[in-house]
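>>> Sharing a model prediction with you, sequence too.
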Amino acid sequence: MEDISNTHIVKRWWRFRTQSSLWANFLQNKYCKRAHCVTKVAISSDSHTWKSLVKIRAKIEPHIVWKIRSGNSSFWWDNWTGKGALAKIFPGIGRSAKLPVNFFFDNNSWNFAKLLNFLPMQAAQSIAQITIDEQNGTDFPIWQLSDDGCYTNKSAWHSIRASAPSSPFLNSLWHKRIPFKISFLNWRIFKRKVPFDDIIGKFGTDRRSMCVCCRVPTYETIQHFFVESEIAHQTWSFFGNPLGIRHTDQPIPAIFKKWMDCKYTNNVQKLILQVTPLIICWELWKQRCSCKYGNQRKINIGKILYHGIWTIKSAASKLFPPIRDMARWTEICYTIEKLRPITKWWQVLWEMPPFGTMKMNTDGSYITEKGTAGIGGILRDCRGDLIMAFSITVQRQ
């Protein structure tokens, strides 16, 4: 939520910097009448809106680049070179906020002598190479984080969010063949975000509930319910034994890893090895909730197995439709293990044109981001000998 809120603050800063509006003019006259908005420091008496803009400013300002036209941008504080504000690159030099870029113009070129009065030789030479566009319009901003230079909330959100390192193992929990609610539950299990006593106990509550998954109830923990209980052993063994996976009392991540690291002979078997552990935990969780919060007195192992097979068949039916007609789990495992993909291929040949004629083959491609296209062709005679070839770059109108 904080990242989403900061994204909207970024959007407000972009509009404040780039658009002329009543709101932007009000803030400019109230807080930045004597100083550039990039240099202004927030104080306690400032409004909450302005303080939030100043707080996010340092992260966003480097991504706003000003394209020079009339040169009305600030020479020292606006990022018009693409390398950042010159005042921060050369901190020991005078940094007046009122000095515009066009002070260094000489018609449609740079006044190199003036640049040398303010900047070192290397910096002045670098600036002198910047092209000055037509001076009949004001400088306009470019949002560097998008391909077309226009601001988007998506690009802003990605620039400020603190994303954790990607985990291939956690990514495997989010499978497109199963409902989102199943993946979300398993993510909660791995993050220990499910209401078991050993997890709730870290908040200072001393609860010792008894499990509903064993003939002799014992203290219920997340590890006991999903791995070590009698119902868990029966469920994992039922689904795992026909696939050659023996259930042992290991941590939940280790059990999932054992399933997902199993060798497979085809894509259907790979899918089943990936989704079956997720579905087992889902069915166990449903039965626990029915006993804890519903009218069910004990866990029904038959429902777990039946609904588990049905969900697995639904997930695999698009890849292998005949699985819908298989009722027994052992039959499903045996069939998919023997399943082999059928390889289809066909030969593509260039055919010569009839005697006394010629053939031209053409092709083309289009790059959406740049708006450019290319076309080309080759002309051959009836013997296949090259007569001529061409290629043309086409620009979007």
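Arrived safely.
>>> gap between R192 and N136?
Per Cβ to Cβ, to the nearest Å, R192 is found 63 Å from N136. For the C-beta atoms, the positions are set from N, CA and C on the backbone; glycine is no exception.
>>> These two: which has the busier surroundings?
Each of R192 and N136 has its neighbours counted (other Cβ atoms under 10 Å); R192 has more, 12 against 7.
>>> quick one: what helix or strand has the more buried one in it?
When elements are defined using DSSP states H and E, R192 is found to belong to no helix and no strand.
>>> does it really touch I199, like I thought?
Yes: with contact defined as Cβ atoms under 8 Å, R192 counts as touching I199 (5.3 Å).
>>> Overlap of the contact sets of these two?
I222 (Cβ atoms under 8 Å, 6 or more residues apart in numbering).
>>> Looking at this structure, which residue reaches furthest from the middle?
Relative to the C-alpha centroid of the chain, counting by Cα atoms, centre = their mean, G356 is the outermost residue, at 57.2 Å.
>>> For that one, which three-state class applies?
coil (DSSP: H, G, I helix; E, B strand; the rest coil).
>>> Run a quick check on it versus R383, I expect a contact.
No: in this structure, G356 is not within contact of R383 by Cβ under 8 Å, at 10.9 Å.
>>> Now do T311: how many residues are near it, please.
When neighbours are defined as other Cβ under 10 Å, T311 has 21 of them.
>>> you'd agree A389 is in a strand?
Yes: counting by three-state DSSP, A389 is part of a strand.
>>> need the longest helix for the protein.
Criterion DSSP state H: the longest helix present in the chain is helix 267-293.
>>> next helix or strand past that one?
Next element after helix 267-293 (DSSP H and E): helix 301-316.
>>> in that next one, what's buried?
For helix 301-316, the neighbour count (16 or more other Cβ atoms under 10 Å) marks 301, 304-305, 307-309, 311-316 as buried.
>>> can you check stretch 324-343 too?
Residues 326, 329, 332-333, 336, 339 are the ones in stretch 324-343 that count as buried (16+ other Cβ under 10 Å).
>>> any idea how far Q125 is from the closest residue to A123 other than its chain neighbours?
Once flanking residues are discounted, A123 sits nearest to F90: 7.1 Å by Cβ to Cβ, 6 or more residues apart in numbering. Between F90 and Q125 the distance, using Cβ to Cβ, works out to 14 Å.
>>> ok, now K263?
62 Å.
>>> Show me where the stretch 1-150 of the chain dips below the pLDDT cut-off.
The stretch 1-150 of the chain contains residues with pLDDT under 70 at 92-94, 134-135.
>>> can you map out the helices along it?
Secondary structure of the stretch 1-150 of the chain (DSSP state H, counting those that start in this stretch): helices located at 2-18, 22-31, 48-60, 86-89, 112-118, 121-128.
>>> What count of nearby residues applies to W80?
Number of residues near W80 (other Cβ under 10 Å) recorded here: 22.
>>> What distance do you get for it to K67?
Here W80 is placed at a distance of 8 Å from K67 (Cβ to Cβ).
>>> any residues in contact with both of the two?
Residues touching both W80 and K67 (Cβ under 8 Å, 6+ apart) are D139.
>>> What residues sit buried inside the longest helix of the chain?
Residues of helix 267-293 classed as buried by neighbour count (16+ other Cβ under 10 Å): 268-285, 287-288, 290-291.
>>> Tell me what angle that helix forms with helix 301-316.
In terms of direction (axes from the mean of the first three to the mean of the last three Cα atoms, to 10 degrees), helix 267-293 departs from helix 301-316 by 140 degrees.
>>> elements contacting helix 267-293?
Packed against helix 267-293 by the contact rule (3 or more Cβ pairs under 8 Å, 6 or more residues apart in numbering; DSSP states H and E) you find helix 180-190, helix 230-240, helix 252-260, helix 301-316, helix 329-338.
>>> can I get those in a markdown table with distance to A58 and mean pLDDT?
What follows is those, written out as a markdown table (distance: least, Cβ to Cβ, whole Å; pLDDT from 0 to 100):
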| stretch | distance to A58 | mean pLDDT |
| --- | --- | --- |
| helix 180-190 | 34 | 95 |
| helix 230-240 | 51 | 95 |
| helix 252-260 | 39 | 93 |
| helix 301-316 | 47 | 95 |
| helix 329-338 | 56 | 92 |
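>>> re earlier: so for L185, which of the helices of the stretch 1-150 of the chain sits nearest?
Closest approach to L185 among the helices of the stretch 1-150 of the chain (Cβ to Cβ): helix 2-18, 24.2 Å.
>>> Before I go, just wanted to say thanks for your time.
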